[in-house]
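Q: Let me see the structure of the following:
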Amino acid sequence: MRQEDKVKKAVALQYEEKEDAAPRVLAAGRGPVAERIIETAREAGVPIHQDPDLAEMLSKLSIGMQIPPELYRLVAEVLVFIYSLDREAAK
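A: Take a look at the predicted model:
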(Lines give C-alpha, C1' and ligand atoms only; values in the text may rest on other atoms or scores of the structure.)
Protein backbone atom coordinates (compact mmCIF):
# COMPACT_ATOMS: atom_id res chain seq x y z
CA MET A 1 0.00 0.00 0.00
CA ARG A 2 1.36 3.39 -0.95
CA GLN A 3 1.78 6.03 1.76
CA GLU A 4 -0.65 8.27 -0.15
CA ASP A 5 -3.34 5.57 0.19
CA LYS A 6 -3.06 5.76 4.00
CA VAL A 7 -3.78 9.51 4.16
CA LYS A 8 -7.31 10.22 5.39
CA LYS A 9 -9.56 11.96 2.87
CA ALA A 10 -12.88 13.65 3.49
CA VAL A 11 -15.44 15.35 1.30
CA ALA A 12 -18.53 17.22 2.48
CA LEU A 13 -21.49 17.45 0.13
CA GLN A 14 -24.36 19.91 0.16
CA TYR A 15 -27.67 19.50 -1.62
CA GLU A 16 -30.43 22.08 -1.72
CA GLU A 17 -33.34 20.34 -3.42
CA LYS A 18 -34.93 23.52 -4.77
CA GLU A 19 -31.63 25.08 -5.88
CA ASP A 20 -29.31 22.28 -7.02
CA ALA A 21 -29.68 19.77 -9.82
CA ALA A 22 -27.19 17.55 -7.98
CA PRO A 23 -25.19 17.61 -4.74
CA ARG A 24 -22.24 20.01 -4.65
CA VAL A 25 -18.82 19.66 -3.06
CA LEU A 26 -18.87 21.88 0.01
CA ALA A 27 -15.41 20.98 1.36
CA ALA A 28 -12.66 18.49 0.56
CA GLY A 29 -9.29 17.73 2.02
CA ARG A 30 -6.62 15.25 3.05
CA GLY A 31 -4.79 14.64 6.28
CA PRO A 32 -5.35 17.39 8.87
CA VAL A 33 -7.91 19.15 6.65
CA ALA A 34 -9.88 15.90 6.35
CA GLU A 35 -9.76 15.50 10.13
CA ARG A 36 -11.17 19.02 10.55
CA ILE A 37 -13.96 18.36 8.04
CA ILE A 38 -14.93 15.21 9.95
CA GLU A 39 -14.69 16.99 13.31
CA THR A 40 -16.87 19.86 12.06
CA ALA A 41 -19.45 17.40 10.70
CA ARG A 42 -19.60 15.52 13.99
CA GLU A 43 -19.99 18.76 15.98
CA ALA A 44 -22.86 19.77 13.70
CA GLY A 45 -24.54 16.38 13.96
CA VAL A 46 -24.02 15.63 10.28
CA PRO A 47 -24.01 11.90 9.49
CA ILE A 48 -20.67 10.54 8.29
CA HIS A 49 -20.37 7.76 5.74
CA GLN A 50 -17.02 6.12 5.15
CA ASP A 51 -16.21 5.18 1.56
CA PRO A 52 -12.54 5.78 0.70
CA ASP A 53 -13.02 5.15 -3.03
CA LEU A 54 -15.91 7.60 -3.30
CA ALA A 55 -14.01 10.16 -1.22
CA GLU A 56 -11.06 9.83 -3.60
CA MET A 57 -13.28 10.42 -6.65
CA LEU A 58 -15.14 13.34 -5.06
CA SER A 59 -11.93 14.95 -3.79
CA LYS A 60 -10.87 15.53 -7.40
CA LEU A 61 -13.81 17.90 -7.91
CA SER A 62 -13.52 21.62 -7.24
CA ILE A 63 -15.29 23.21 -4.28
CA GLY A 64 -18.78 24.27 -5.37
CA MET A 65 -18.84 21.86 -8.29
CA GLN A 66 -21.85 19.61 -8.75
CA ILE A 67 -21.12 15.91 -8.77
CA PRO A 68 -20.99 14.49 -12.30
CA PRO A 69 -23.69 12.10 -13.53
CA GLU A 70 -21.20 9.21 -13.36
CA LEU A 71 -21.24 9.50 -9.55
CA TYR A 72 -25.01 9.93 -9.07
CA ARG A 73 -25.60 6.27 -8.19
CA LEU A 74 -22.81 6.12 -5.61
CA VAL A 75 -23.86 9.38 -3.98
CA ALA A 76 -27.51 8.28 -4.05
CA GLU A 77 -26.51 5.21 -2.02
CA VAL A 78 -24.91 7.50 0.57
CA LEU A 79 -28.03 9.68 0.68
CA VAL A 80 -30.21 6.60 1.26
CA PHE A 81 -27.91 5.69 4.16
CA ILE A 82 -28.23 9.19 5.63
CA TYR A 83 -32.01 9.33 5.19
CA SER A 84 -32.34 5.95 6.93
CA LEU A 85 -30.32 7.33 9.86
CA ASP A 86 -32.61 10.36 10.00
CA ARG A 87 -35.70 8.12 10.03
CA GLU A 88 -34.27 5.97 12.82
CA ALA A 89 -33.38 9.05 14.89
CA ALA A 90 -36.91 10.40 14.48
CA LYS A 91 -38.46 7.25 15.99
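
Q: quick one: P32 from D86, how far?
A: Remark: distance between P32 and D86 (C-beta to C-beta, to the nearest Å) = 29 Å. All C-beta spots, glycine's among them, are computed from the backbone N, C-alpha and C.

Q: My error: substitute A27 in the last question.
A: From A27 across to D86, the span is 21 Å (C-beta to C-beta).

Q: got it, and A22?
A: As for A22, its distance to D86 is 20 Å (criterion: C-beta to C-beta).

Q: between these two, which one's more packed in?
A: Set side by side, A22 and D86 give different neighbour counts by other C-beta atoms under 10 Å, the larger being at A22 (14 against 10).

Q: Which neighbouring residues are in contact with that one, exactly?
A: A22 makes contact with Y15, Q66, I67, P69, Y72, V75 under the criterion C-beta atoms under 8 Å, 6 or more residues apart in numbering.

Q: I'd say the last one and I67 touch.
A: Yes. Using C-beta atoms under 8 Å as the test, V75 is close enough to I67 to be in contact (5.6 Å).

Q: shared neighbours, those two?
A: Taking C-beta under 8 Å, 6+ apart as the contact rule, V75 and I67 both touch L13, A22, P23.

Q: Could you double-check that the first one sits in contact with I67?
A: Yes. Applying C-beta under 8 Å as the test, L13 and I67 come out as touching, 7.3 Å apart.

Q: Overlap in contacts, the two.
A: Looking at what touches both L13 and I67 (by C-beta under 8 Å, 6+ apart), the common residues are P23, R24, V25, L58, V75.

Q: could these go into CSV alongside pLDDT?
A: Supplementary listing: those in CSV, determined by pLDDT from 0 to 100:
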residue, pLDDT
P23, 93
R24, 95
V25, 96
L58, 94
V75, 89
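
Q: Just send the residues you listed back as a markdown table, with secondary structure too.
A: Supplementary listing: the shared contacts of L13 and I67 in a markdown table, determined by DSSP: H, G, I helix; E, B strand; the rest coil:
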| residue | secondary structure |
| --- | --- |
| P23 | coil |
| R24 | strand |
| V25 | strand |
| L58 | helix |
| V75 | helix |
